[in-house]
Each structure stands twice: as C-alpha cells, then as structure tokens.
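>>> need a structure here:
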Amino acid sequence: MSTRKAALLAVGSFNPPTIAHLRMLETAKSHLETLNFQVCEGIMSPVADSYNKKSTVVSAQHRFKMVSAATKSSNWIRGDDWECTRPTWTRTLAVLKHHLEGVRQKHGAETCLFLVVGGDVVDSFPRILPDGSNLWNADDILKIIMDFGLIVISRDGATPLQTCQAMPTICHVADRITILEDQVLPNLISSTRLRQAILARKSIKYATPDDVIDYIRENNLYAA
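Take a look at the predicted model:
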C-alpha cells in the first residue's frame, strides 16, 4: 500500500490545554500510522470568545498563547489562531474546510484532514440549546464524517457509539466513525479539573506542560 498523507484537527476552548488534549492527537496519529498514513501535522484550534461567555473562560488571546506554549516541544502539533480571532463563532465544518485548504497547499492535494474529538463531544451532537436551536447542525455532522473523517477518543462516562446509532441523520454511517481508547494514558484529566485545582491552590504539575503552568502563573489566570 502506498503511504497516504493526513493532518489532524482538534477544536475546543482549551481553557487551559491539558496533556489529555495532546494525548488525543498523539493517539489518533498512532492509529493512522498503522493504516499506512503519514500524519504531517496536528492543529489545535481554540474557539472564538463569542462561543462561550462563561466567566471561567479566559480570552482567546490567552487560550491561544497557552496552546502555543503546550505545543512548543512538539515537532508536529501546532496551535492556530484563525478560528479564535474571528469576530463570530465559526461552525466546526467551516473550520475544517479552512484548514483542509491550508494543509493541501503545504502537503499536497491528496492530503486528508480528520477531526479528532473526545467522546463527550460526540455525546453533545443531539444537544438542544436553551433557545431551542441545535448545538450541532445534523447536515454538518454527516459531512464531517463523510467528507473528512471523525476520530473519537473514548472518555469515561461518554457513549459516543450509542449516541451516533441513536441519531437518525447519522446512524447509517456510524460504522465510518473511528473510536479509539488511549491504552497508554487513560485518564480523567480535564480543563475543568485544572481550573478547580488552581482555584483551590493545588498543584497542576504534570497535568499540563510546564510552559502552560508558567503562562497561567505569570498572567494570574483562573485565580479568583
């Protein structure tokens, strides 16, 4: 089999980024390499400020700088600020289309782009917002699966396969979704737990790269 080129995209608040976010991309890369893919790069794209107005979410400027700090030692994962500097929230399908154009310019026209998410993100696919609208557009989810590729990393308590099988719009393509478990470092590390630890003045060392910890401390983030 000839080697195919691929890139990986992870989206989210990254508030702050954790080693689980990095492991998510590493696990997906490892899997694709067993399928004879050459993974050229991983992209971490923080969401824009307009997506979430919760007081616990620090500005996109800080979140992008933390992602840059988290990926400093990586030779293939990088942060990208295209999404987080846009004036309005951008749906994930549009973010994928933007980055597909970029990775094909850099790595060749045949390069494919996969979206990598945690199982909890898939569980949010059918979520209805307080105003009655859908958090995710059903047609977008189908296009992400069929036109790009969806790699899901299992998280404790999440049921991504059952969620997909229960959705009429995507149940027929549920077998196209790759669900992986990080056998090396299965954990419950989350941005929420890190914020809570910082607020309680507990150590978060080894839960996120030291450069992220230094940035949080220098900018007094997440402390009440």
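>>> Please identify the buried residues of the helix or strand harbouring L22?
If you go by DSSP states H and E, L22 is part of helix 19-34. By 16 or more other CB atoms under 10 Å, the buried positions in helix 19-34 come out as 19-29, 31-32. Heads up, the C-betas are built off the backbone N, CA and C, glycines and all.
>>> Now it - C-alpha only, CSV.
In CSV, the C-alpha atoms belonging to helix 19-34 read as follows (Å, rounded to 0.1, in the frame of the first residue of the first chain):
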residue,chain,number,x,y,z
ILE,A,19,-1.9,16.7,28.4
ALA,A,20,-5.2,14.9,27.5
HIS,A,21,-5.6,17.2,24.6
LEU,A,22,-2.1,16.4,23.4
ARG,A,23,-2.6,12.7,24.0
MET,A,24,-5.8,12.8,22.0
LEU,A,25,-3.9,13.9,18.9
GLU,A,26,-1.0,11.5,19.6
THR,A,27,-3.4,8.5,19.9
ALA,A,28,-5.1,9.4,16.6
LYS,A,29,-1.7,9.8,14.9
SER,A,30,-0.5,6.4,16.2
HIS,A,31,-3.7,4.7,14.9
LEU,A,32,-3.5,6.3,11.4
GLU,A,33,0.1,5.3,11.1
THR,A,34,-1.0,1.6,11.5
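>>> Any idea how far apart the tips of stretch 181-190 sit?
16 Å (CA to CA, to the nearest Å).
>>> what about the protein, any weak spots by pLDDT?
1, 52-55 (pLDDT under 70).
>>> Go again with 90.
For the chain, the stretches flagged by pLDDT under 90 are 1-3, 50-57, 87-89, 129-135, 156-157, 183, 185-189, 223-224.
>>> That one: strands as residue ranges?
Counting by DSSP state E, the segments of the chain that form strands are 4-12, 37-46, 77-79, 112-118, 150-153, 178-180.
>>> Reformat those as a markdown table; add mean neighbour count.
Below are the strands of the chain laid out as a markdown table (neighbours: other CB atoms under 10 Å):
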| stretch | mean neighbour count |
| --- | --- |
| strand 4-12 | 22 |
| strand 37-46 | 22 |
| strand 77-79 | 20 |
| strand 112-118 | 22 |
| strand 150-153 | 25 |
| strand 178-180 | 16 |
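>>> Turn those strands into a markdown table, columns for distance to L194.
What follows is the strands of the chain, written out as a markdown table (distance: least, CB to CB, whole Å):
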| stretch | distance to L194 |
| --- | --- |
| strand 4-12 | 14 |
| strand 37-46 | 15 |
| strand 77-79 | 17 |
| strand 112-118 | 15 |
| strand 150-153 | 18 |
| strand 178-180 | 23 |
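>>> And the ones you listed: which comes nearest D211?
Nearest to D211 among those is strand 77-79 (11.8 Å), distances taken as CB to CB.
>>> Now do the closest one: which elements does it pack against?
strand 37-46, helix 60-70 (3 or more CB pairs under 8 Å, 6 or more residues apart in numbering; DSSP states H and E).
>>> hang on, the earlier thing: report the angle between the helix holding L22 and strand 4-12.
For helix 19-34 against strand 4-12, the angle by axes from the mean of the first three to the mean of the last three CA atoms, to 10 degrees is 160 degrees.
>>> which residues sit against helix 19-34?
6, 8, 10, 12, 14, 39, 42, 44, 70-71, 74, 76-77, 114, 116-118, 151, 153, 178, 180, 182, 184-185, 187, 189-190, 206-209 (CB atoms under 8 Å, 6 or more residues apart in numbering).
>>> again with stretch 177-184
23-24, 27-28, 31, 119, 122, 145, 149-154, 160-161, 164.
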